[in-house]
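Visitor: task: produce atomic coordinates for the following.
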Amino acid sequence: MVTYIVRRLIAAVLILLGASFIVYQLTALSGDPLADLRESNNPNKEALMAARAQALDLGTPAPLRYFKWIGGAAQCLIPFAAKCDLGVNLVGAPVTEALGRAMGQTILLVTAATFLAIFIGIALGIISALRQYSALDYGVTFMAFLFFSLPIFWLAVLLKEYGAIGFNDFLKNPVFSPAAIVIASIFMGIVVVVFMRGGFVRRAIGFVIGAAVTAGLMALLSATGWFRNPGLGPVLIVLFGVAAAFLVTQLVSGIRNRRALYSALIMVAVGLISYYALNPLFGNMSWWGIFAGAVVCIIIGCAVGYFMGGYDRGQSMRAASITALLMGGLVVLDRFMIEWPNYFDNSRVRGRPIATIGSNTPNLQGDWWIQTTDTFTHLLLPTIALMLVSLAGYSRYSRASMLEIMQQDYIRTARAKGLPERTVVMRHAFRNALIPLATLVAFDIGGLIGGAVVTERVFAFTGMGDLFVHSLVPIPDPNPVMGTFLVIGIVALIFNLIADLVYSVLDPRVRVKA
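Guide: Sure, this is the predicted structure:
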């Protein structure tokens, strides 16, 4: 394994060197970095041209200039060297500074969207494969192709119009009209019917219950002004926690494993206790605190699952730790909701919290909760836009893969042995269905750092894609182009190597050999 990884890394370095050399030469041939100064009427333009030519080393031929640039770039890979040198841009600013800002914006923008698209897309694809040719399958297929066909800029504009402007106007008087309640109730009733199995009578009952619950919930939200003063409270946290405990146990081990179910329910009780016990600590919260809390949740969940025992301690530990994470998430979410009125009434927000451009509100004052809420409201719409467009591919690939797996001989053998359908799907089919997706997921994660150019332009994010485009037109700026290419190339090669290693984890028949 070690020999294989070393060989792949050596090959990756050679590929990256060759590709970067070609890109550098193409960038050098794409235009004149001094074009804007040549056309300038500035009396000292000759001095400006000489200064820029010296800063960019334009007097050296491009092939030789590449080796100087790669020598500085190689220092970025030396740990703790602090000598990373990717050159300067046209205005003389270090490329590392612009690249660092762009990477931060891109990671904020597309990371959540990509992981949500992977998770939701794979889940929808597998569910539609298990319900092949049903109303659910046709509905998921239709929506997948619809969102895949929509131009991202048009979808982004619709989200800005109705998801930001329309919702902000609604918050002035957050009361649902009777027509909106009726339409939403009918829609949710149809959704329930699509997900249900059974005959006409059972589906009709499901439609009535779904519509009635939706209408009652919307009326309650309107009467209490929930959108202006949201919150979960201990009752809803416990209800959602119990539902999560049953769902997680069903997926991990099956409800029949009572030890796993009890472990998960114990974590619901622990989460309720933490709801009151952790309130004093929330005043000085940070991302490190959230991370530490997640680690503590996993440790406590694993400990509870281990001591609960059972015929499979691993199942109890997984059920308890996942439920603990979900309960922790509910507690943190409730805290964000409690802080929502303070953010909503802030003088910089002015009662319009859902933003349409940028990554933050300028000069916004507030603690970590207010600043994080502001970041979330700015990322909400672009994340939804990217997720809707991306999940179509994952749902189609996962559906096709799952349908192929379910026809294999070992699946029929597992069913003939009398194994529960949950075990057949989760242990035998699901894991093998992920194998073809490993390449697609690794490719997308490796490419996400390159940024989403159109989305960044629509929502005014200055990320990697925007930096790359502005470095090419109207005047070529070689060093930012090469810095962006270097980052994208390294990430893509690393995740392709990870994909090869994941194959051997998902499928024991695959063995990585040197």
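
Visitor: sticking with the spatially most central residue of the chain, tell me its helix or strand.
Guide: In the chain, the residue lying closest to the centroid (Cα atoms, centre = their mean) is A112, at 2.1 Å. Element membership of A112, judged by DSSP states H and E, is helix 95-130.

Visitor: which neighbouring elements make contact with the helix or strand following that helix?
Guide: Next along the chain after helix 95-130, taking DSSP H and E as the criterion, comes helix 135-149. Counting contacts by 3 or more Cβ pairs under 8 Å, 6 or more residues apart in numbering; DSSP states H and E, helix 135-149 is packed against helix 95-130, helix 178-195, helix 368-405. Every residue, glycine included, has its C-beta placed from N, CA and C.

Visitor: buried set for the first one?
Guide: Judged by neighbour count (16 or more other Cβ atoms under 10 Å), helix 95-130 contains these buried residues: 95-96, 98-99, 102-103, 105-106, 108-110, 112-114, 116-118, 120-122, 124-130.

Visitor: angle of that helix against helix 135-149?
Guide: Counting by axes from the mean of the first three to the mean of the last three Cα atoms, to 10 degrees, helix 95-130 lies at 150 degrees to helix 135-149.

Visitor: what stretches of the protein score poorly on pLDDT?
Guide: By pLDDT under 70, the low-scoring segments of the chain are 1, 78-82, 310-311, 446-451, 508-514.

Visitor: cutoff 50 now
Guide: Within the chain, the ranges that satisfy pLDDT under 50 run 514.

Visitor: for the residue nearest to S253 when sequence neighbours are not counted, phi and psi?
Guide: Once flanking residues are discounted, S253 sits nearest to Q315: 3.7 Å by Cβ to Cβ, 6 or more residues apart in numbering. Phi and psi for Q315, reported as degrees, to the nearest 10, are phi -60, psi -40.

Visitor: surely Q315 is in contact with N257?
Guide: Yes: judged on Cβ atoms under 8 Å, Q315 makes contact with N257 at a distance of 5.8 Å.

Visitor: just to revisit the earlier point, so what's the residue nearest to the centre of the chain up against?
Guide: Residues near A112 by Cβ atoms under 8 Å, 6 or more residues apart in numbering: L379, T383.

Visitor: ok, it to V441 distance?
Guide: A112 is 15 Å from V441, where distance means Cβ to Cβ, to the nearest Å.

Visitor: now do A414
Guide: 26 Å.

Visitor: ok, now L220?
Guide: On the measure of Cβ to Cβ, L220 and V441 end up 40 Å apart.

Visitor: could you do F200 as well?
Guide: Separation of F200 from V441 (Cβ to Cβ): 40 Å.

Visitor: these two: who's more crowded?
Guide: Using other Cβ atoms under 10 Å as the criterion, F200 and V441 rank with V441 on top: 22 against 8.

Visitor: distance check, that one against L386.
Guide: In terms of Cβ to Cβ, V441 sits 15 Å off from L386.

Visitor: what do you get for N363?
Guide: In this view, N363 and L386 are 28 Å apart by Cβ to Cβ.

Visitor: neighbour count: these two, which is higher?
Guide: L386 (24 against 7).

Visitor: so the more buried one touches T455, yeah?
Guide: Yes: the criterion here is Cβ under 8 Å, and L386 meets it with T455 at 5.9 Å.

Visitor: what do the two both touch?
Guide: With contacts taken as Cβ under 8 Å, 6+ apart, L386 and T455 have L109, V110, I152 as neighbours in common.

Visitor: what's the closest of these to F495?
Guide: F495 has its nearest neighbour among the shared contacts of L386 and T455 in V110, at 14.2 Å by Cβ to Cβ.

Visitor: check the gap between that closest one and L493 for me.
Guide: For V110, the distance to L493 - Cβ to Cβ - is 19 Å.

Visitor: count of residues packed around Y162?
Guide: Residues near Y162, counting by other Cβ under 10 Å, number 11.

Visitor: quick check: phi and psi at it.
Guide: Taking degrees, to the nearest 10 as the convention, Y162 sits at phi -100, psi -30.

Visitor: all strands in the stretch 201-350 of the chain, in order from the N-terminus.
Guide: Taking DSSP state E, counting those that start in this stretch as the criterion, the stretch 201-350 of the chain carries no strands.

Visitor: for it, which segments are assigned as helices?
Guide: In the stretch 201-350 of the chain, the helices defined using DSSP state H, counting those that start in this stretch lie at 233-252, 258-277, 287-308, 313-344.

Visitor: so which of these gets nearest L391?
Guide: Once the helices of the stretch 201-350 of the chain are compared by Cβ to Cβ, helix 233-252 is nearest, at 19.8 Å.

Visitor: secondary structure class of I354, three-state.
Guide: Here I354 is coil, with the state taken from DSSP: H, G, I helix; E, B strand; the rest coil.

Visitor: next up, the contacts around it.
Guide: I354 neighbours (Cβ under 8 Å, 6+ apart): G163, A164, F167, N168, T377, L380, L381.

Visitor: the closest residue in space to it that isn't next to it in sequence: neighbouring residues, count only.
Guide: Nearest residue to I354 in three dimensions, chain neighbours excluded: A164, at 4.3 Å (Cβ to Cβ, 6+ apart). Other residues within reach of A164, judged by other Cβ under 10 Å, total 19.

Visitor: got it, and I488?
Guide: 19.

Visitor: elements contacting the helix or strand that it is a member of?
Guide: Assigned by DSSP H and E, I488 belongs to helix 478-506. Applying 3+ Cβ pairs under 8 Å, 6+ apart, we find helix 478-506 packed against helix 2-29, helix 62-74, helix 95-130, helix 435-448, helix 464-470.
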